[in-house]
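Peer 1: Need the 3D shape of this:
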Amino acid sequence: MLLLFETAAGYALFKVLKEDKLKEVDDLHEDFATLDKAQKIVKLKAFSKFENTTEALAAATALVDSKLGKGLKKFLKKHVLDEELAVLDKKLGSIVKEKLGIECIYNNTIMELTRGVRNQLQGLISGLTGTDLRPMSLGLSHSLSRYKLKFSPDKVDTMIVQAIGLLDDLDKELNTYAMRVREWYGWHFPEMTKIVADNIQYAKSARLMGTREKAAALDFSGILEEDVELRLKEAALISMGTEISAEDLSSIDDLATQVVELSEYRGQLFDYLKSRMAAIAPNLTVLVGELVGARLIAHAGSLVNLAKHPASTVQILGAEKALFRALKTKHETPKYGLIYHASLIGQSAPKNKGKISRVLAAKCSLATRVDALGDSEDATVGIEARAKVEARMRQLEGKALASDGAGARGKEQPGKYDKGKAAGGAAAAAPKAYNADADAPVKEKKEKKEKRKAEEVVEEAEAEEEDKTAKKAKKEKKAEKSEKSEKKEKKSKKSKKDKE
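Peer 2: Residues are numbered from 1 along each chain as shown. The predicted structure follows:
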């Protein structure tokens, strides 16, 4: 049996002299306590030294990825003939067996044997001293670390995290600076604040105009629309603002210049972020857009970390404070976090936003795993997932499903059973005749309705008559009372006269 051992200096192949010792795994470390004991168990058969650091780095990266390099392939073909080969990596052993036809062994005993060889490596490999091995190991470790750092997907994610963080900071600074320009220049031309609503257009107009007296002679066609330009020039003639000095105007001009430059840089940064998101997470970008996707990655820390999150976590990512507050106070938990700003959720009705956010979070979780762990660079998974979310949205809103986007996969579903079609013949082909008797229930219903209406009319008439009779009775009673009162008065008057 032969043992393959990889070092920073090259490949080593050892011949195992006493295979019986391998059965006693617990005592194997004692056989490598000294160099003399180790030489009785293993003996160096062949050694292939690396020529330079580049070759060593290529061999090390191949071994890390469990791949069979060209140098190792030639070395094994030359020195391994009809013998078993003990290896440390099971995947590498299966590749060697598949490509070279060499039987490979991998178990705990080989691990202990390799550990013993590593302890006595300098003595077992002739011509290799500790002074040669240490700088080789150090140089190879540095080169391998640089290689991993260069091609690390986490390092690429850092660019997205930094870009979206800077973009948010720029938005805050731009808003602060633009508000300061409006307040500062508003003392000189207050009417312009209501006329020009956009902050960037306001800053450009203030830079071009200077004092408001120059507005009538200037052309604002490259900045403003025609109707806005006319309103601005008319307001400049009748403005109620105060006069400012040239020194104040230069300070305002410097601040407005910074606003314009920051807005231009913000546009460049957004284009860079779009290109990075399209390269790193195309499926996630199709589903939620560049900004929301980048914020999700930044909040999770990296694309791989986001791929580890379940759909329920992706749904409320960014609303942690609201979640824990709801759990503490035993109220309803939030339905969405950062994902709320996605265009699909914005298009849905307010009552369906929670359902759409749950569906979208599930699709985002799948798309993120494809982007982080898959090999494909296209966005087919994201496009299909977006079509399904849109179909679900139409279903919730009561609209018809699109045939392409929401078509069911798999086998075609069977239709409803039709007795006429199953029987066949002339009876199935003949059109159905009109059955007048089927309308009978409808006529009965109409007659019942008409009877009810007639009864209601009669009842209303009777009620009116009763009201009239009641009113007449009241009038009669009143008349009788008035007559009685008049008679009493006459009697009292007569009795008074008689007394007199």
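Peer 1: Other residues contacting stretch 86-101?
Peer 2: 1-4, 6, 16, 63, 66-68, 73, 76-77, 80, 85, 102-106, 110-111, 113-114 (CB atoms under 8 Å, 6 or more residues apart in numbering). Bear in mind the C-beta positions are built from the backbone N, C-alpha and C, glycine included.
Peer 1: For PyMOL, write the selection for the buried entries among those residues.
Peer 2: Those of the contacts of stretch 86-101 that count as buried under 16 or more other CB atoms under 10 Å are selected in PyMOL with:
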select buried, resi 1+2+3+4+6+16+63+68+76+80+85+102+104+106+110+113+114
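Peer 1: So which of the contacts of stretch 86-101 are in strands?
Peer 2: 2-4, 6, 16, 85, 104-105 (DSSP state E).
Peer 1: okay if I get those as TSV plus pLDDT and distance to residue 396?
Peer 2: What follows is the ones in strands among the contacts of stretch 86-101, written out as TSV (pLDDT from 0 to 100; distance: CB to CB, whole Å):
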residue	pLDDT	distance to residue 396
2	84	67
3	81	65
4	81	61
6	78	59
16	82	69
85	84	62
104	84	57
105	80	60
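Peer 1: could those residues be laid out in a markdown table, adding distance to residue 298?
Peer 2: As requested, the ones in strands among the contacts of stretch 86-101 are exported to a markdown table (distance: CB to CB, whole Å):
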| residue | distance to residue 298 |
| --- | --- |
| 2 | 51 |
| 3 | 48 |
| 4 | 45 |
| 6 | 39 |
| 16 | 54 |
| 85 | 48 |
| 104 | 45 |
| 105 | 48 |
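Peer 1: Any regions of the chain where pLDDT drops low?
Peer 2: The chain contains residues with pLDDT under 70 at 127-133, 146-155, 399-446, 499-500.
Peer 1: In it, spot the helix with the most residues.
Peer 2: helix 440-499 (DSSP state H).
Peer 1: Just give me how far that helix sits from the chain centre.
Peer 2: Centroid separation between helix 440-499 and its chain, computed with CA atoms, centre = their mean, to the nearest Å, is 77 Å.
Peer 1: on that earlier part again, closest to residue 256 out of the ones in strands among the contacts of stretch 86-101?
Peer 2: Nearest to residue 256, judged by CB to CB, of the ones in strands among the contacts of stretch 86-101 is residue 6 at 64.7 Å.
Peer 1: circling back to that earlier point, list just the nearest of the ones in strands among the contacts of stretch 86-101 to residue 162.
Peer 2: Checking these against residue 162 by CB to CB gives residue 6 as the nearest, at 37.7 Å.
Peer 1: ok, that closest one - contacts?
Peer 2: Residue 6 makes contact with 12, 59, 63, 88 under the criterion CB under 8 Å, 6+ apart.
Peer 1: Who does it form a beta bridge with?
Peer 2: Taking DSSP bridges as the rule, residue 6 bridges to residue 11.
Peer 1: Can I get stretch 470-483 in PDB, CA atoms only?
Peer 2: Presented in PDB, the C-alpha positions along stretch 470-483 are these (Å, rounded to 0.1, in the frame of the first residue of the first chain):
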ATOM      1  CA  ALA A 470    -109.200  59.100  12.700                       C
ATOM      2  CA  LYS A 471    -108.600  62.700  11.700                       C
ATOM      3  CA  LYS A 472    -112.300  63.200  11.200                       C
ATOM      4  CA  ALA A 473    -113.100  61.700  14.600                       C
ATOM      5  CA  LYS A 474    -110.600  64.100  16.200                       C
ATOM      6  CA  LYS A 475    -112.200  67.100  14.400                       C
ATOM      7  CA  GLU A 476    -115.700  66.100  15.500                       C
ATOM      8  CA  LYS A 477    -114.500  65.700  19.100                       C
ATOM      9  CA  LYS A 478    -112.900  69.200  19.000                       C
ATOM     10  CA  ALA A 479    -116.100  70.700  17.600                       C
ATOM     11  CA  GLU A 480    -118.200  69.100  20.300                       C
ATOM     12  CA  LYS A 481    -115.900  70.400  23.000                       C
ATOM     13  CA  SER A 482    -116.000  73.900  21.500                       C
ATOM     14  CA  GLU A 483    -119.800  73.800  21.400                       C
END
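Peer 1: List the buried residues in that stretch.
Peer 2: Quick answer for stretch 470-483: no buried residues (16+ other CB under 10 Å).
Peer 1: Likewise for stretch 305-312?
Peer 2: Buried residues in stretch 305-312 (16+ other CB under 10 Å): 306-307, 309, 311.
Peer 1: Make JSON lines from those and add secondary structure to it.
Peer 2: Output for the buried residues of stretch 305-312, formatted as JSON lines (DSSP: H, G, I helix; E, B strand; the rest coil):
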{"residue": "306", "secondary structure": "helix"}
{"residue": "307", "secondary structure": "helix"}
{"residue": "309", "secondary structure": "coil"}
{"residue": "311", "secondary structure": "helix"}
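Peer 1: ok, residue 202 touching residue 179?
Peer 2: No: taking contacts as CB atoms under 8 Å, residue 202 lies outside contact range of residue 179: 10.2 Å.
Peer 1: quick one: which of those two has more around it?
Peer 2: Taking other CB atoms under 10 Å, residue 202 and residue 179 do not tie; residue 202 has more neighbours (23 against 11).
Peer 1: of the ones in strands among the contacts of stretch 86-101, closest to residue 121?
Peer 2: residue 6 (11.2 Å).
Peer 1: For the stretch 151-300 of the chain, just list every one of the strands.
Peer 2: Counting by DSSP state E, counting those that start in this stretch, one finds no strands in the stretch 151-300 of the chain.
Peer 1: Tell me which stretches of it form helices.
Peer 2: Remark: helices assigned in the stretch 151-300 of the chain by DSSP state H, counting those that start in this stretch are 153-186, 192-195, 199-209, 226-237, 246-280, 282-288, 290-300.
Peer 1: Among those helices, which comes closest to residue 396?
Peer 2: helix 282-288 (17.7 Å).
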